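Visitor: Quick one, what's the 3D model for this:
(one chain, ligands or ions: 1)
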Amino acid sequence: MAQSNTNDMVIGRHPAMAALKSGQTINKVFVQAESNSDAIAEIVTRAKQKGIIVSQVPKTKLDQLSNNQNHQGVVLTVSPFEYATVDDLFARAAKRNEDPLFLILDGIEDPHNLGSILRTADAAGIHGIIIPKRRAVQLTSTVAKTSTGAIEYVPVARVTNLVQTVKQLKERGVWVFGTDMKGQDFRKWSAKGPTAMVIGNEGKGISPLLKKECDEMLTIPMVGHVQSLNASVAASLLMYQAFSSRGE
Ligand SMILES: C[S@@+](CC[C@H](N)C(=O)[O-])C[C@H]1O[C@@H](n2cnc3c(N)ncnc32)[C@H](O)[C@@H]1O
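Guide: All right, here's what the predicted structure looks like:
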């Protein structure tokens, strides 16, 4: 997996604590000198326990690091999260001697949805997740926190064009299942063989171009009054159907 050397900033007490609790690589903690805040003291204690360098700096330095945002006396420099490649995902399946099982997210925007999807993906043995580089949430400290550590175990590949990627997956023998309200009942579906499931955007669903590339569509039947399930809930149900239909 590629690692970039540039630093990202995490600004403010709550995001700083969330980053410290996640698996994200934190390079340095900057806190305001002579701060008597309990929250800052807790951040300093946790950072030191993790062996992270803590630097006490004047407020002006924090203003500069945070670009004059409301830093509340703390700024962290962190390494951006690592992304996998689609080949890494295939390699992970091969290493486990299993047919590939991927999840494709067509423009998920809510970091809590992505975190929750990662958490279930880890539990259900998904080999990796594919997301687009644009118009979708990327890996952030909120995603990491919601994933409760699963972000460390489930590789996420970022691609420029999901439609092209799906075409390439199909050329490599992967059967691609889209999801909407007009497909076959997912309870009768078996995810045997190389499989990818596509989950759509929270508002718009799967884009028409991508839907056209899907080999089949699946539906989670609903008998209530609402029109659809939350994207992460739908993804979880699909992942668990795939998991159990593989006899795992
Ligand atoms: C909140 S829904 C989007 C609803 C959107 N208005 C639409 O028409 O597709 C987000 C995604 O969750 C999945 N989803 C939600 N409910 C589903 C269901 N009952 N069956 C299959 N997929 C579902 C689909 O992937 C959908 O694109």
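
Visitor: Quick one, grab the pLDDT at Thr85.
Guide: What the model reports for Thr85 is a pLDDT of 97.

Visitor: actually Glu82, sorry about that
Guide: pLDDT, Glu82: 87.

Visitor: what does Gly23 give?
Guide: pLDDT, read off for Gly23, is 68.

Visitor: Repeat that for the one 4 residues further on.
Guide: Note for Asn27: predicted pLDDT of 89.

Visitor: Could you do the one 3 residues further on as well?
Guide: With respect to pLDDT, Phe30 scores 97.

Visitor: what's the following helix or strand after the helix or strand in which it is found?
Guide: Assigned by DSSP states H and E, Phe30 belongs to strand 26-32. Next helix or strand after strand 26-32 toward the C-terminus (DSSP H and E): helix 38-49.

Visitor: Can I get the strand holding Phe30 as CSV, trimmed to CA atoms?
Guide: Output in CSV follows, covering the C-alpha atoms of strand 26-32 (Å, rounded to 0.1, in the frame of the first residue of the first chain):
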residue,chain,number,x,y,z
ILE,A,26,-0.2,10.7,14.7
ASN,A,27,3.1,12.3,14.1
LYS,A,28,3.1,15.1,16.7
VAL,A,29,0.7,16.7,19.2
PHE,A,30,0.9,20.5,19.7
VAL,A,31,-0.8,21.9,22.8
GLN,A,32,-1.0,25.4,24.1
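
Visitor: Give the other helices and strands that the helix or strand bottoming out on mean pLDDT in the chain contacts.
Guide: In the chain, no helix or strand scores lower on mean pLDDT, DSSP states H and E than helix 141-146, which sits at a mean of 84. Helix 141-146 sits against helix 13-21, helix 111-123, with contacts defined as 3 or more C-beta pairs under 8 Å, 6 or more residues apart in numbering; DSSP states H and E. Just so you know, the C-beta spots here come from the backbone N, C-alpha and C atoms, and that holds for glycine as well.

Visitor: can you count the residues close to Val31?
Guide: For Val31, the neighbour count with other C-beta atoms under 10 Å is 24.

Visitor: ok, the residue sitting nearest the centre point of the chain - contacts?
Guide: For the chain, the residue nearest the mean C-alpha position is Leu114 (4.5 Å; C-alpha atoms, centre = their mean). Residues near Leu114 by C-beta atoms under 8 Å, 6 or more residues apart in numbering: Leu105, Ile108, Ile131, Val137, Leu139, Val143, Thr146, Ser147, Ser232.

Visitor: before we move on, what about Phe102?
Guide: Leu89, Ile126, His127, Gly128, Ile129, Ile130, Leu169, Val174, Thr195, Ala196, Met197 are the contacts of Phe102 under C-beta under 8 Å, 6+ apart.

Visitor: what's the closest of those residues to the ligand?
Guide: Within these, the smallest distance to the ligand is 8.6 Å, found for Met197 (C-beta to the nearest ligand atom).

Visitor: Mind checking what helix or strand follows the helix or strand containing that closest one in sequence?
Guide: Met197 is part of strand 195-200, with elements assigned from DSSP H and E. Sequence-wise, the next helix or strand downstream of strand 195-200 (DSSP H and E) is helix 208-213.

Visitor: Counting by contacts, list what that following helix packs against.
Guide: Using 3+ C-beta pairs under 8 Å, 6+ apart, helix 208-213 sits against helix 162-171, strand 175-185.
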